[in-house]
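1. could you work out the structure for the sequence below:
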Amino acid sequence: MSSDFPIRPRIASVAGTDSGGGAGLSADQRAAQAFDVHLCPVVAAVTAQHSRAVRHVEALSPALLQAQLDALAEDLPPAAIKTGLLGSVANARVLARWVDAQRRHQTDLALVVDPVLRASTGAPFADAELLTAYREELLPRATLVTPNRREASALLGQKDEAGPEALPAQATALRALGAQAVLLTGGDALDETQALDWLDSPQARGGLAHPRIATPHSHGTGCTLATAAAAALARGFPVADAAVLAKLLTTHALRQAG
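-> Model (predicted):
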């Protein structure tokens, strides 16, 4: 049966809830709407948090995560999938196996990995075992990985103090772990006047800079960026263009935050 209503591209976000509505699946939904794509929210963890602190985090069981992903595969397979807060090593492994299974018949399935290792408020979300799972399970499958500077340092076993001069080498090292492309963000470096990101991709390599926007409302920016990139990939943009579009959308969102 024909329809006058075009089917929008679908993306899935495997991430956590945010009871404050600022980050996680809430931010993902807003970014998806901005690109006019349909978001399938796959809950990996539930958090109790607001804009200033994370009070509690509880990972969903791997079986429940698997059931959600299998349900999507049956009826709503996404063109791109984005990861956020996964909550556990077991959930990271479930996701990796599911991506492998989907790619056997959907070879162009894009995977955007936002390695959520700690909240913007400082709360830790990952231990050494989960860091290893990111390195060994998710980065080798990633179409794009979008860490901030602290997350990149953690993934590479480096100290947090790396400055903007270290971005190119860090991006190269992350691609050496298997990621097809890296967008290393600098929004967490609050002592700099420019918000400098570094892109390393098959199509382009270089800095994406914009004057830093003075706003306290930056909660959820990493989620927004990664989801925007997944949405652009689902719409057929190459990864370098998807990264630029994600940067533009995130900058616009920060401007609107006041």
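
2. helices and strands of the protein: which one bottoms out on pLDDT?
-> strand 205-211 (a mean of 86; mean pLDDT, DSSP states H and E).

3. state the next helix or strand along the chain beyond that one.
-> Next along the chain after strand 205-211, taking DSSP states H and E as the criterion, comes helix 221-234.

4. next, the spatially closest residue to residue 62 that is not a sequence neighbour: secondary structure please.
-> Closest residue to residue 62 apart from its sequence neighbours, by Cβ to Cβ, 6 or more residues apart in numbering: residue 90 at 4.2 Å. Glycine gets a C-beta too; all of them are placed from N, C-alpha and C. At residue 90 the chain is in helix, as set by DSSP: H, G, I helix; E, B strand; the rest coil.

5. residue 90 and residue 63 touch, don't they?
-> No: look at residue 90 against residue 63 with Cβ atoms under 8 Å: they stay out of range, at 9.4 Å.

6. what number of residues lie near the residue nearest to residue 62?
-> 17 (other Cβ atoms under 10 Å).

7. just for the stretch 1-150 of the chain, where's the confidence low?
-> 1-6, 119-124 (pLDDT under 70).

8. all strands of it, in order?
-> Using DSSP state E, counting those that start in this stretch, the strands of the stretch 1-150 of the chain run over 10-16, 38-49, 54-59, 80-83, 110-113, 144-145.

9. okay if I get those as CSV plus distance to residue 232 and mean neighbour count?
-> Listed next are those as CSV, based on distance: least, Cβ to Cβ, whole Å; neighbours: other Cβ atoms under 10 Å:
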stretch, distance to residue 232, mean neighbour count
strand 10-16, 10, 27
strand 38-49, 14, 20
strand 54-59, 29, 15
strand 80-83, 9, 29
strand 110-113, 10, 26
strand 144-145, 10, 29
